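> pasting the structure only:
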């Protein structure tokens, strides 16, 4: 088990800010740097650019390189995990070869193909065999259409030394608890859903790759730190306070509500690339209320 990277607590699946309108607004690199620095100042443990939350399928190769380079330059030594997954071996390996400054790679279950469990095993084994850097598996069936079973995750964790972690966003708590119970020593389990974080950390998970921490990195860092210290009463109070935000950020596809929240806070333009569009008025009003309540308590 490769253990040359520390992933625990709260990692932020960071937004890619855009500026201007039209069908392909420009990446706002200055704002991206400001938001990375905001994460660092809040004490966030690691950064995850170029994931689903970062609208990465809409980015060019040059944009991906620049986003990752700026994240690395401004992370102040924190691990930077690059999202590289596609639905093919050539596509994923092309991203790995493109994004060489990353400390580790987040590789999503191939989407659209609907592979069987044997195919998932062979796919991830092949990807990991092409790099010496750590690989984090990413299971998010709500996006990909395929759930990776606990047995497949555990087999990969046992058989492939540089597969060091899984980001579990299946929402299948019993499945994740099976991974936690039977994982090899040193294998890291991270929640992929903000609202599952506390339950999974109570079961031994190391933390979360969070969407909500874009909005309130200080609160998410305090929440996960309390959980890591097994200060369960304190962690439960944070969770209760954050629950409305966890819900609001997913009333429309991520990152639509999150970008509406960041715009409300003056942290970036509410600009997305098609096929994503701005939040509805109903979502925008909900976000506004949730933010007001979040800061006044």
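Ah, there it is. Owing to the predicted nature of the structure, the values given are computational and were not obtained by experimental measurement.
> contact partners for residue 33?
70, 74 (C-beta atoms under 8 Å, 6 or more residues apart in numbering). C-beta here means a position set from N, CA and C on the backbone, and glycine is covered the same way.
> tell me the backbone dihedrals of it, please.
phi -60, psi -40 (degrees, to the nearest 10).
> look up phi and psi at the closest residue to residue 55 other than its chain neighbours.
Excluding the flanking residues, the one nearest residue 55 by C-beta to C-beta, 6 or more residues apart in numbering is residue 16, at 5.3 Å. Dihedral angles of residue 16 (phi, psi; degrees, to the nearest 10) stand at phi -100, psi 110.
> give me the neighbour count for residue 16.
If you count neighbours by other C-beta atoms under 10 Å, residue 16 ends up with 27.
> what does residue 218 give?
Using other C-beta under 10 Å, residue 218 is surrounded by 14 other residues.
> can you give me the strands for the protein?
Under the criterion DSSP state E, the chain contains strands at 9-13, 18-19, 26-27, 46-48, 81-83, 104-108, 135-139, 163-168, 188-191, 207-210.
> centre of the chain to the fourth one, how far?
Going back to what we said before, that points to strand 46-48. Relative to its parent chain, strand 46-48 has a centroid offset of 8 Å by C-alpha atoms, centre = their mean, to the nearest Å.
> tell me what it is packed against?
On a contact count with 3 or more C-beta pairs under 8 Å, 6 or more residues apart in numbering; DSSP states H and E, strand 46-48 meets strand 9-13, strand 81-83.
> quick one: the first one to strand 163-168, angle?
In other words, strand 9-13. Interaxial angle of strand 9-13 relative to strand 163-168 (axes from the mean of the first three to the mean of the last three C-alpha atoms, to 10 degrees): 70 degrees.
> from the contact counts, what lies against strand 9-13?
On a contact count with 3+ C-beta pairs under 8 Å, 6+ apart, strand 9-13 meets strand 46-48, strand 207-210, helix 217-228.
> how about the shortest one?
Counting contacts by 3+ C-beta pairs under 8 Å, 6+ apart, the secondary-structure elements packed against strand 81-83 are strand 46-48, strand 104-108.
> name the nearest residue to residue 132, ignoring sequence neighbours.
Closest to residue 132 by C-beta to C-beta, 6+ apart is residue 162, at 6.6 Å.
> now the helices and strands packed on strand 46-48 in TSV, with mean pLDDT and distance to residue 124?
Listed next are the helices and strands packed on strand 46-48 as TSV, based on pLDDT from 0 to 100; distance: least, C-beta to C-beta, whole Å:
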stretch	mean pLDDT	distance to residue 124
strand 9-13	98	20
strand 81-83	98	15
